[in-house]
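Participant: Structure for this input, please:
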Amino acid sequence: MTRSGRSGRLVRGGRTVARALLVWLAVTGALYVLQALLPGFAMTQWWQPTVCALLLGVLIAGVWPVVMRLALPLVFYTLGLASFLMLGAGTLVIFYAVPGVEIADLRSAVIVVVAMSAVAGGISSLLAIDEDEIFFRRAARRSRRAETHTGTKPPGVLFLQVDGLGYEVMQRAVRDGNMPTLAAMLESGTHRLTSWHTDWSAQTGASMCGILHGSNHDIPGYRWYEKDAGRVMACSSPRDAAEIERRHADGRGLLAGGGASRGNLFTGDASHASLTMSSVALLLPKGLRRVGGNRTGAGYYTYFANPVNALRTIGSAIVDIVREVLAAASQRRADVRPRVDRGGLYPFKRVGTTVISRDVVVFAILEDMLAGRPVVYADFVGYDEVAHHSGIERYDTLATLRSIDQQIGRLRRACQLAPREYHIVLLSDHGQTQGWAFTDRFGESIEELVARLCNSPPPAPGHEHDSRDRAEGWQLDAAVAEAASHTGFMARRLRSRVARLESSWEHPPEERLDSDVLSLVSGHMALVYFTRHEGRVDLETIERTYPRLLPSLVEHTGVGFLLVHSEEYGPVVLAQDGVHRLQDATVVGSDPLADYGPHAAELVRRMDTFPHCPDIVINSCYNPQTDNASAFEPHVGSHGGLGGQQSHGFLLYPSGFSEPGERVGAESLYTLFRHWLGELGHPEPATAGHDSVSRASR
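Facilitator: The predicted structure is shown next:
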């Protein structure tokens with residue numbers, strides 16, 4: 001997208017001055033009103049409101065950003081509320097310093113600060129001025145100086161991922177006006193839309209590792225068991241995410257060469273990372289301050305340094321909480337099915353992904369654009385989180401999608417003011433397939449079913465992941481850790497927080513590892529391991545040891561097909577009405593993979609080659625007539641396996657880029673994106689000596 005072809009608001013110099021004057025006058029007027037209405041607050045002279053408004057403006061514009069560098073963790077933890085307390089204290093000092101001004105206490109000062117922030121935000125809205133644009137204008141002089149030293153640069157690329165948004169849902173959202181920014185990009189002809197097919201493990205861990213590092217080899221699920229090490233791996237564990245990246249990074253990641261990773265599970269060899277889970281574990285041994293010379297927590301300072309943004313975050317969080325409570329109550333009253341329990345603290349937890357991390361990610365991207373970084377990859381997880389609990393196209397889910405579209409619009413406008421030209425590429429890591437959760441539908445979880453059929457002790461009560469807990473919460477977990485990293489006295493709390501993350505629900509209790517059978521679920525996929533047996537257990541051994549297991553599973557209404565490995569026939573797919581021998585493509589009876597797409601056999605065969613492939617892989621049953629499937633986790637919309645919309649992500653790319661063709665698997669997107677960067681003139685990254693998985697084995 002060239003600069004001449006882009007549309008959007010631009011701040012004119014006169015309007016910037018007008019804004020400052022109007023805010024000053026409006027705050028002065030607000031002080032007159034407040035001293036008349038607020039008990040314990042009085043100004044006895046006509047000139048006092050004008051002078052106080054000027055001093056308060058200097059406090060916010062000049063002094064407050066300096067204070068923020070020291071107080072950022074406290075402000076972040078309180079969603080910006082602490083900023084108003086500290087500004088209130090500063091306001092008290094100012095009012096005490098102005099002769100004749102009377103103010104009773106800190107509460108009154110905080111009310112004054114909140115009113116000022118609301119007035120400033122209102123004036124900006126009336127003048128149709130974006131805070132983003134003002135931010136860029138203030139830094140324009142610095143950017144021009146930087147350009148004189150850097151010379152001509154190839155256009156940068158923003159890869160913006162809308163987590164969990166399927167291709168067909170995205171098309172309908174554009175058609176129905178729920179994503180007007182994307183609709184405008186398509187209607188103007190600047191961008192084109194296509195779909196891509198995920199791997200069998202249609203979840204963020206495998207997809208993101210493949211996209212960012214060009215390899216997702218041996219990632220069979222969101223969580224899996226490694227017999228040789230006796231440990232469960234989970235993509236959203238800081239320790240495990242770092243280990244997964246160590247195995248796959250070779251220095252040639254998508255973001256190598258000065259790129260930035262924002263809100264991701266892995267860094268993609270980026271020089272700059274924030275809200276990125278694999279970098280959290282690296283913070284501890286590096287003194288919590290910097291990783292690879294990069295200040296952690298990018299976006300936090302920029303966002304919370306402006307009290308208007310803190311007020312906006314608080315307001316947006318309240319609106320989102322109310323929306324969630326009302327939507328959940330409406331589903332219960334109307335007996336909407338499928339649905340899950342959304343009570344407890346979940347309405348307060350979900351704002352971490354739908355509001356807080358979203359806004360911080362956007363401001364981190366703005367900083368990246370201001371710095372002229374060549375490539376940025378960022379993940380917006382709010383839609384995926386809400387779709388898990390509400391449904392893939394329910395009203396409150398689409399409202400979250402509209403808010404993400406607004407943020408994309410902000411970034412699109414900001415491209416006009418960045419020091420280098422930027423292209424925007426939008427994509428999703430997978431889609432979601434909707435249905436009644438397996439446990440609710442059949443009265444027992446897939447883990448309990450497998451244990452019963454194997455005559456093994458059932459999983460301990462509470463083993464199943466509670467859908468009201470975080471689903472895509474790694475961004476907020478990483479944000480808490482990174483915000484803490486700005487001050488040394490928070491180090492102990494950071495270490496305890498990381499320790500709690502590593503012992504959270506991603507890892508089963510130790511007594512489950514002592515059982516004969518261990519089952520781990522990733523949405524529509526269940527991974528079964530026989531822990532008493534070394535290596536991959538073959539079909540023949542399973543039939544001898546657990547004679548009821550395979551026949552009962554293939555007959556179960558909620559099970560679509562199984563993958564097992566036969567000593568005689570190699571990888572075999574089993575279903576109720578047929579068998580598919582993948583080694584020689586022999587099908588006996590009906591093909592078990594017929595309803596799962598043209599690439600199903602290829603993707604299932606690839607899983608069988610993984611060194612840590614489970615003994616049995618179970619895929620949920622997908623009904624093409626209803627487009628439904630019952631996830632093994634307590635979710636309404638879910639993903640992780642084959643069947644329906646979960647396997648089809650979208651890709652929205654600039655019209656001037658070369659045609660992507662058919663893309664199957666996340667690794668193919670890495671190849672495509674690297675090709676596009678080469679076409680734009682970005683240099684090919686050199687291998688940096690990282691440990692890597694042998695490409696020949698993929």
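
Participant: Please count neighbours and contacts with C-alpha atoms only from this point.
Facilitator: Noted.

Participant: Tell me if V33 really is in a helix.
Facilitator: Yes: assessed by DSSP: H, G, I helix; E, B strand; the rest coil, V33 belongs to a helix.

Participant: Off-centre distance for the longest helix belonging to the chain?
Facilitator: Scanning the chain for the longest helix, with DSSP state H as the assignment, gives helix 307-334. Computed by CA atoms, centre = their mean, to the nearest Å, the chain-centroid distance of helix 307-334 equals 19 Å.

Participant: same thing with stretch 21-30?
Facilitator: Mean-position distance between stretch 21-30 and its chain equals 39 Å (CA atoms, centre = their mean).

Participant: now swap in stretch 349-359 and tell me
Facilitator: Offset of stretch 349-359 from its chain centre (CA atoms, centre = their mean): 9 Å.

Participant: Just the CA atoms of that stretch, as CSV, please.
Facilitator: Extracted in CSV, the C-alpha atoms of stretch 349-359 (Å, rounded to 0.1, in the frame of the first residue of the first chain):
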residue,chain,number,x,y,z
LYS,A,349,-10.2,-12.2,33.6
ARG,A,350,-11.2,-11.9,29.9
VAL,A,351,-10.5,-8.1,29.8
GLY,A,352,-6.9,-9.0,30.1
THR,A,353,-7.0,-10.2,26.5
THR,A,354,-9.9,-8.2,25.0
VAL,A,355,-8.8,-4.8,26.3
ILE,A,356,-5.5,-4.6,28.2
SER,A,357,-3.1,-6.7,26.1
ARG,A,358,-4.8,-5.5,22.9
ASP,A,359,-4.2,-1.9,23.7
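
Participant: pLDDT of the longest helix of the chain, averaged?
Facilitator: Mean pLDDT, helix 307-334: 84.

Participant: following that helix, which helix or strand shows up next?
Facilitator: helix 346-349 (DSSP states H and E).

Participant: Which secondary structure elements does the very next helix or strand once past that next one sit against?
Facilitator: Sequence order places helix 351 as the next helix or strand after helix 346-349, per DSSP H and E. Secondary-structure packing of helix 351 (3 or more CA pairs under 8 Å, 6 or more residues apart in numbering; DSSP states H and E): helix 307-334.

Participant: Spell out the residue ranges of the helices in the stretch 201-350 of the chain.
Facilitator: Assigned by DSSP state H, counting those that start in this stretch, the helices in the stretch 201-350 of the chain fall at 204-213, 238-248, 277-283, 300-304, 307-334, 346-349.

Participant: okay, now A585: neighbour count?
Facilitator: Neighbourhood size, A585 [other CA atoms under 10 Å]: 10.

Participant: typed the wrong thing, it's A600
Facilitator: Neighbours of A600 (other CA under 10 Å): 18.

Participant: Excluding chain neighbours, what is closest to it?
Facilitator: The shortest distance from A600 to any non-neighbouring residue, by CA to CA, 6 or more residues apart in numbering, is to L593 (6.3 Å).

Participant: how about the one you found, what does it touch?
Facilitator: L593 is in contact with 561, 580, 600-601, counting by CA atoms under 8 Å, 6 or more residues apart in numbering.

Participant: Just want the phi and psi numbers for the most centrally placed residue in the chain.
Facilitator: In the chain, the residue lying closest to the centroid (CA atoms, centre = their mean) is V381, at 3.3 Å. With angles defined as degrees, to the nearest 10, V381 sits at phi -100, psi 0.

Participant: for the closest residue to it other than its chain neighbours, what are its contacts?
Facilitator: Leaving aside its chain neighbours, V381 sits nearest to D163 (4.9 Å; criterion: CA to CA, 6+ apart). The contact partners of D163, by CA under 8 Å, 6+ apart, come to 204, 379-384, 428-430.

Participant: Looks like the residue nearest to the centre of the chain contacts T353 (just checking).
Facilitator: Yes: counting by CA atoms under 8 Å, T353 is a contact partner of V381 at 6.2 Å.

Participant: who does the residue lying closest to C415 once chain neighbours are set aside bridge with?
Facilitator: The shortest distance from C415 to any residue other than its chain neighbours is 6.0 Å, reached at Y422 (CA to CA, 6+ apart). For Y422, the beta-bridge partners under DSSP bridges are G156.

Participant: Do me a favour and average the pLDDT over stretch 220-240.
Facilitator: Stretch 220-240 comes out with an average pLDDT of 91.

Participant: and it, how far out from the chain's middle?
Facilitator: In terms of CA atoms, centre = their mean, the centre of stretch 220-240 is set 20 Å apart from its chain centre.

Participant: Also stretch 539-549?
Facilitator: 40 Å.

Participant: Low-confidence regions, this structure specifically.
Facilitator: Low-confidence segments of the chain, defined by pLDDT under 70: 1-20, 60-85, 87, 117, 120-151, 281-308, 310-311, 460-514, 687-698.

Participant: tell me the contacts of the residue nearest to the centre of the chain?
Facilitator: Neighbouring residues of V381 by CA under 8 Å, 6+ apart: 162-164, 353-354, 358, 472.

Participant: As JSON lines, the residues you listed with distance to V319 and secondary structure would be great.
Facilitator: As requested, those are exported to JSON lines (distance: CA to CA, whole Å; DSSP: H, G, I helix; E, B strand; the rest coil):
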{"residue": "V162", "distance to V319": "21", "secondary structure": "strand"}
{"residue": "D163", "distance to V319": "22", "secondary structure": "coil"}
{"residue": "G164", "distance to V319": "23", "secondary structure": "coil"}
{"residue": "T353", "distance to V319": "14", "secondary structure": "helix"}
{"residue": "T354", "distance to V319": "11", "secondary structure": "helix"}
{"residue": "R358", "distance to V319": "15", "secondary structure": "helix"}
{"residue": "E472", "distance to V319": "20", "secondary structure": "coil"}
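
Participant: Help me confirm that S403 is found in a helix?
Facilitator: Yes: under three-state DSSP, S403 falls within a helix.

Participant: Please report the number of neighbouring residues for it.
Facilitator: S403: 18 surrounding residues under other CA under 10 Å.

Participant: Y383 versus that one, what's the distance?
Facilitator: 9 Å (CA to CA, to the nearest Å).

Participant: hang on, the earlier thing: which of the helices of the stretch 201-350 of the chain sits closest to V636?
Facilitator: Among the helices of the stretch 201-350 of the chain, helix 307-334 comes nearest to V636, with 12.3 Å by CA to CA.

Participant: same for the closest one, what does it pack against?
Facilitator: For helix 307-334, the packing partners by 3+ CA pairs under 8 Å, 6+ apart come out as helix 81-97, helix 106-126, helix 300-304, helix 346-349, helix 351, helix 395-414.

Participant: Let me know the next secondary structure element after the first one.
Facilitator: Going down the chain from helix 81-97, the next helix or strand is strand 101-103, by DSSP H and E.

Participant: gap between that next one and the chain center?
Facilitator: Distance, centroid of strand 101-103 to centroid of chain: 47 Å (CA atoms, centre = their mean).

Participant: and G391, what does it touch?
Facilitator: Contacts of G391 (CA under 8 Å, 6+ apart): 339, 397, 434, 636-637.

Participant: separation between the nearest residue in space to L680 that is not next to it in sequence and M369?
Facilitator: Nearest residue to L680 in three dimensions, chain neighbours excluded: P154, at 6.1 Å (CA to CA, 6+ apart). Using CA to CA, P154 is found at 13 Å from M369.

Participant: Same question for W196.
Facilitator: Going from W196 to M369 by CA to CA gives 28 Å.

Participant: With K227 instead?
Facilitator: Note on K227: its distance to M369, by CA to CA, is 44 Å.

Participant: And the two? Which one has more around it.
Facilitator: For K227 versus M369, neighbours defined as other CA under 10 Å are more numerous around M369 (26 against 18).

Participant: what's around V450, how many residues?
Facilitator: Residues lying near V450 (other CA under 10 Å) number 21.

Participant: still on that earlier bit, point out the most buried one among the helices and strands packed on helix 307-334.
Facilitator: Ranked by mean neighbour count, the helices and strands packed on helix 307-334 are led by helix 351 with a mean of 24 (mean count of other CA atoms under 10 Å).

Participant: Just the residues contacting that helix, thanks.
Facilitator: 317, 320-321.
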